[in-house]
Structure formats: C-alpha cells, structure tokens
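J.: Pasting a predicted model and its sequence here:
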Amino acid sequence: MSQKKYQDMLAQRTEKIFKEWEIRGSLTERELYYFLHKLKGTSGTIGLHQLSLFCASQLEILSSSNDQKIPVSSLENLKNRIRLYFDDSVAVKKEEFQLPDRYVNRLDQETFILIIDDDLEFVSYLKELLEKLGAQVIISLNGKRGIEQFYSMRPSIVIVDSKLPDMSGFEVLDQIAETARQKNTTLAISSEQATKEIQIESYRRGAMDFIAKPFDMDIFFPYLFNRQQRQQAISSSIITDSLTGVGNRRYFDEVINNLAKNSDRTGIVFSLVMVDLDHFKQVNDLYGHPAGDEVLRKFGEIIKEEKRDGDYVFRYGGEEFAFLFVNLQAEETVNIVERIRKKFNKLTFSSGEKEFKVTFSAGSAVYQDHVDAVISAADQALYEAKRTGRNRTVVYDQRKLVVKRKLMVIIVDDDSFIRQILQQTLLELKSPDIEITVKTYSDGPAFLEDDWYTPDDYFIVLLDGVMPKMDGLEVLSRLKSDHAKTNVTVSMMTARKSANDIKAALWLGADDYIIKPFQPSEVLGRIDKLANRLFDKRE
C-alpha cells in the first residue's frame, strides 16, 4: 500500500496552515506546540519518521502553556526544515509500511471500528489499512458526532483522540464509557502526548487502552487482533444483558436451538415473539441516551415479572427483545404480550422537566421445522405490526404474502454513466428477508424535493460531492438537518484530491465516503456491509 498520497495530503494541509500564519502575522507558543504535536503524530504514522523525530526535538524546547506571541517572520527556518522532509528530491528516509499478506481479511464485518479524530490524513490512512484487514470503519471528526455514531452504529472498537475541536477525548469518554463497558466495546484513547498524567486520566475516565501517536503499525495490528479475540471470548461466556437483566443474544441462540431440537424429537411446540420499542431512536434524540437506557431497564423488569415459569426473555439487540413461549401456539402468546403492553403503556418516563411515554410492536410465530424460518416469520410479523400502525401484535400467517423489510439505495449523481453502472451493480444485492430497490437522481434538488422517504423503511444514499445544480455538501446538510430521518445512512462519493470535501462531509454528518474513481464491486461490498449493519440486531 502506498503512503505517498497521505504524505501529499499532509504536505498540502501544512502549507495551508503556513499561509494562515502569514495572514495572522503571529501565533502563540502554545499554538505552535500543538501544531508540532499533531504533525509529529500524523507524520510518524504515515511513514515520515524523520519529520516526526524533528517535531519531537522542537517540542522539547517549547511550552504547551505559554501564550506569548511569536512573530511568523521568525519561523521561516522552521517552516523550510519541515518542507524539506516532504520534498521527494531530498534524500530523506521515508519508511513504507507494508501490510503483511497474513493480515489481509484477518478481521470480519463483526469488527466495526469507530475512529473519533479530526486529523483527516491520519484517519483516512488508518481507515484504508483497516478496511484491507476486513473491518468496517466509520470516522467522526468531532466529539458530538462521535457520540451520536457510537450509540446509533454500535461499534465493537472505538479509538478517541484526546484533543478534539469541540471537546476533549475525556469528555467523550464520560458520555460513552459506561455503555461501552456494558456492551463489551473496546475503548481506547490516542494522543501525541504519552505523559503519565494523560494515561492515568484516560484509564480513570473509562478507557481500556492508551495508544501513543504516531501509531506503530507493527504493534497496532496485533493489538487489534488481541482485542478482537478478547471480545469473542467474553461474548461467548456471558448470557445476561447487563442493562436489562434479561438473556442476551448469545443465550437466545443457545436456547432457541435447544428448544428446536426438543420440539423435533418430542413434538412439544414453542412460539417466538419479537418485540421492538416504537420510535426508540427518537427517544434517544429528544431525551438523551440515559433516558433511553431507563426505558430499556423498565421494560426488562416488566417482561421478567410477567413471563411464566419455563418461558424465556432476551434482549435481542438495541431496542429489540425476543420471547420464547413453551407449549404455546403463536395465537396463544397474544394474551401474555397484551398483558405486558397494558402494564408498560401505563408508565410515564421523564427527562428533566419533559415527560414521555413509549409503546412497542410485536410479531409472533410458531416453530415448525427450522430456527431461521421461525425467526424470519416472527420478524416479518413484527414488521407488519410496525407498518400498520405500531403499538400492536401481529401473528404470522404463512398464507399471506411474505412481508419483507425494505431497503432503498439512492444514487444522486449528475453522471448518467455512473448512475447506470451503480444501479446495475447494486441490483445484484439479494436477501431473503429484505426487499432491496435502487432509485437514481441526476441532481440534488430532484432528490430533496421528491417524496422518497418513509419512516419505517431503511435508506442508503450514495451522494456525489460535486454536482452543477446543488453541491453535494449542501444536499447533505439539508438532509441531515431533518433529525427525524434517523433511518438514512449517507455515503459521499468524492474525488481523491478533494480532502477538504471529505472533511466537510464528515463534519456535516456523512456516515462514510467512497473515493473516485472506484470499482463497482467495491461499492457493492460497502453497501452490503452497511446494509448488514442497518439490519443487524446483535449487540
């Protein structure tokens, strides 16, 4: 893998900063210190090791707390030295990290990594490497967006930079560390300052690991493999969801398979009820995640109280729960579910001075011959309950048409050839439980003004960054300003040289980006992973 493109990006960004200095005329010693700190970490990670060492030597004579002004005219020698390390004509050793063949596809899509860091060159390089390992990677350039993506995307590994533009990494930890612990999520702080004090504070605020910048890739990848193995070992040994006290997804898989084997042998029936709390994402958005957690806890209490001896209840993932009722047909489960509904619907929750209520939808199906079939049937019945008004229970009827969850992939690009190629490629996506459609628009206004949105379906938008009638960034901004559209995932398509566009898109809320030119198969793979993430109910 070539690191040259990231070195060029860093050189361009550095020159832009130098020009900003010229306009200002002076900067503080503190500002110079943090500029060199960031440059040290990024340059070392992308192969400019001598530049990293030079920055480290300069940091030894600077203070991070001195606000004394430094004239820019006195920094010419420093700037020229930095430029030399970027200059290909100068004999400067630039070590190239080569990803070992044995690492390629070592991880799978279960390894979902969130990087919260505003250094675009660093995170772009890291994202490309990690995706070659087989992981799925999402980037947030500020703390607020990172917290939102942590709760909505459920990553398995989170790496947070200690210094972010809107808050510190420690403040991010304060808002996600407890939930990360409950979900067995690996949480790491990264920093150019590997002081004893910062490491102590990282662990005190809830981080599991501290990673010094620049990243040493020879160490970083074995670290990731170690954490993945640890997560798998812990997940295989825990059967209870720590937030709600009911069984977790692993325990559900174990119990339903045992019940199926027993049913096949003895003929004893059992039914599965899938339950989903209605509009739960809006609860988190309007009232905060602590209020959402309280809703989940109370629901867990009620279902444990109301279940019969010999029945099982589980948190299937997120706001979705599963009940297994032994010796009951699907129709017979409705009375129990409605008893739970009556008790839960009476509850009033509060957040500050605001009060709110929550309802749930349910789908029931009886086991007949295969575990996957009963899960699919109950899930289809649940979707039908949500589609037809929510706050109700639907019993699966195999005589009716199969009801599938709907995923629409939307392509917004002024290039008709790109639209046609992508549409043909994406129509290859197949799923037995998901109805996938593809829609295309030639410009932003046509997309924004069309009536494509529905609250109960899922959408992935492939949005071109540069279009004549309305810039892709403006389209993204308008789309993300509608906070009710929590079921819409956006992936920006941008040219390789448009680093500023990538940064702006991530700031505005894009969930991913795709670099042009690309292979259609690459887009298909990304969409497949995003779709799996949207419909994946596992913790």
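T.: Looks like it came in fine.
J.: Where do the strands of the stretch 51-200 of the chain begin and end?
T.: 69-71, 112-116, 136-140, 157-161, 186-191 (DSSP state E, counting those that start in this stretch).
J.: now swap in the stretch 201-350 of the chain and tell me
T.: Assigned by DSSP E, counting those that start in this stretch, the strands in the stretch 201-350 of the chain fall at 209-212, 270-277, 312-317, 320-326, 349-351.
J.: winner for burial among those strands?
T.: Ranked by mean neighbour count under mean count of other C-beta atoms under 10 Å, the strands of the stretch 201-350 of the chain are led by strand 270-277, which reaches a mean of 25. Heads up, the C-betas are built off the backbone N, CA and C, glycines and all.
J.: now the angle between strand 320-326 and that one, please.
T.: 160 degrees (axes from the mean of the first three to the mean of the last three C-alpha atoms, to 10 degrees).
J.: and the residue lying closest to residue 167 once chain neighbours are set aside, how far is that from residue 162?
T.: Spatial nearest neighbour of residue 167, chain neighbours left out: residue 143 (4.1 Å); criterion: C-beta to C-beta, 6 or more residues apart in numbering. Taking C-beta to C-beta, to the nearest Å as the measure, residue 143 falls 11 Å from residue 162.
J.: ok, and what's touching the helix or strand bottoming out on mean pLDDT in the chain?
T.: In the chain, no helix or strand scores lower on mean pLDDT, DSSP states H and E than helix 520-535, which sits at a mean of 75. Here helix 520-535 makes contact (C-beta atoms under 8 Å, 6 or more residues apart in numbering) with 109, 112, 136, 153, 405, 407, 409, 421-422, 424-426, 428-429, 431, 433-434, 436, 458, 460, 462, 487, 489, 491, 511-512, 514.
J.: again, 6 Å this time
T.: Applying C-beta atoms under 6 Å, 6 or more residues apart in numbering, the set of residues contacting helix 520-535 from outside is 109, 136, 407, 421, 425, 458, 460, 489.
J.: and the residues you listed, which two are the farthest apart?
T.: Greatest spacing in these, by C-beta to C-beta: 109 and 421 (24.2 Å).
J.: follow-up on the earlier one: can you tell me which of the strands of the stretch 51-200 of the chain is most buried?
T.: strand 157-161 (a mean of 26).
J.: so it versus strand 186-191, what angle?
T.: Strand 157-161 runs at 20 degrees relative to strand 186-191, counting by the same axes, to 10 degrees.
J.: Flag the shaky bits of the stretch 1-150 of the chain, pLDDT-wise.
T.: Applying pLDDT under 70 to the stretch 1-150 of the chain flags residues 1-2, 88-97, 109.
J.: can you map out the helices along it?
T.: Assigned by DSSP state H, counting those that start in this stretch, the helices in the stretch 1-150 of the chain fall at 4-24, 29-45, 49-59, 76-86, 120-132, 143-153.
J.: Run the chain-centre distance for the last one.
T.: Counting by C-alpha atoms, centre = their mean, to the nearest Å, helix 143-153 is centred 7 Å from the centre of its parent chain.
J.: swap in the third one?
T.: Shown here is helix 49-59, whose average C-alpha point lies 34 Å from the average C-alpha point of the whole chain (C-alpha atoms, centre = their mean).
J.: Domain map for the protein?
T.: What automatic domain parsing lists as the domains of the chain is 4-86, 101-237, 249-395, 405-535.
J.: so can I have CSV of those showing distance to residue 243?
T.: Below are these laid out as CSV (distance: least, C-beta to C-beta, whole Å):
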stretch, distance to residue 243
domain 4-86, 35
domain 101-237, 6
domain 249-395, 6
domain 405-535, 20
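J.: Now the weakest link among those, please, by mean pLDDT.
T.: Of all the domains of the chain, domain 405-535 carries the lowest average pLDDT, namely a mean of 83.
J.: Export the contacts of helix 520-535 as CSV, with columns for secondary structure and distance to residue 332.
T.: Listed next are the contacts of helix 520-535 as CSV, based on DSSP: H, G, I helix; E, B strand; the rest coil; distance: C-beta to C-beta, whole Å:
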residue, secondary structure, distance to residue 332
109, coil, 38
136, strand, 41
407, strand, 33
421, helix, 52
425, helix, 46
458, strand, 32
460, strand, 39
489, strand, 39
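J.: hmm, which of those residues are the buried ones?
T.: With neighbours counted by 16 or more other C-beta atoms under 10 Å, these contain buried members at 136, 407, 425, 458, 460, 489.
J.: Make JSON lines from these and add distance to residue 37 to it.
T.: Formatted as JSON lines, the buried ones among the contacts of helix 520-535 follow (distance: C-beta to C-beta, whole Å):
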{"residue": "136", "distance to residue 37": "30"}
{"residue": "407", "distance to residue 37": "43"}
{"residue": "425", "distance to residue 37": "43"}
{"residue": "458", "distance to residue 37": "41"}
{"residue": "460", "distance to residue 37": "37"}
{"residue": "489", "distance to residue 37": "34"}
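J.: So residue 409: helix, strand or coil?
T.: strand (DSSP: H, G, I helix; E, B strand; the rest coil).
J.: That one is in contact with residue 460, isn't it?
T.: Yes - applying C-beta atoms under 6 Å, one finds residue 409 in contact with residue 460, separated by 5.0 Å.
J.: which residues does residue 33 contact?
T.: Applying C-beta under 6 Å, 6+ apart, the residues contacting residue 33 are 62, 64.
J.: Now with 7 Å, please.
T.: Applying C-beta atoms under 7 Å, 6 or more residues apart in numbering, we find residue 33 in contact with 59, 62, 63, 64.
J.: Not counting sequence-adjacent ones, nearest residue to the last one?
T.: Looking back up the chat, that one is residue 64. In space, residue 64 is closest to residue 33, 4.7 Å off (C-beta to C-beta, 6+ apart).
J.: So the one you found versus residue 522, what's the distance?
T.: According to C-beta to C-beta, residue 33 stands 40 Å off from residue 522.
J.: what are the bridge partners for residue 350, then?
T.: As for beta bridges, residue 350 partners with residue 355 under DSSP bridges.
J.: The residue nearest to residue 167 contacts residue 164, correct?
T.: Yes - counting by C-beta atoms under 7 Å, residue 143 does reach residue 164; the two are 4.6 Å apart.
J.: Please enumerate the shared neighbours of those two.
T.: residue 116.
J.: Please name the nearest non-neighbouring residue to residue 459.
T.: residue 488 (4.5 Å).
J.: Any figure for the gap between that neighbour and residue 203?
T.: Residue 488 is 37 Å from residue 203, by C-beta to C-beta.
J.: and residue 218, what is it in contact with?
T.: Going by C-beta under 7 Å, 6+ apart, residue 218 touches no other residue.
J.: so how far is residue 509 from the most centrally placed residue in the chain?
T.: In the chain, the residue lying closest to the centroid (C-alpha atoms, centre = their mean) is residue 153, at 3.7 Å. Distance from residue 153 to residue 509, counting by C-beta to C-beta: 13 Å.
J.: Quick check: neighbours shared by the two?
T.: With contacts defined as C-beta under 7 Å, 6+ apart, no residue is shared by residue 153 and residue 509.
J.: give me every residue that touches residue 70.
T.: Neighbours of residue 70 in contact, by C-beta under 7 Å, 6+ apart: 26, 27, 28, 29, 32.
J.: just the buried members of those?
T.: Buried subset of the contacts of residue 70 (neighbour count, 16+ other C-beta under 10 Å): 27, 29, 32.
J.: can those residues go into a markdown table with extra columns for distance to residue 276?
T.: Output for these, formatted as a markdown table (distance: C-beta to C-beta, whole Å):
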| residue | distance to residue 276 |
| --- | --- |
| 27 | 53 |
| 29 | 55 |
| 32 | 53 |
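J.: of all those residues, which comes closest to residue 352?
T.: residue 27 (41.6 Å).
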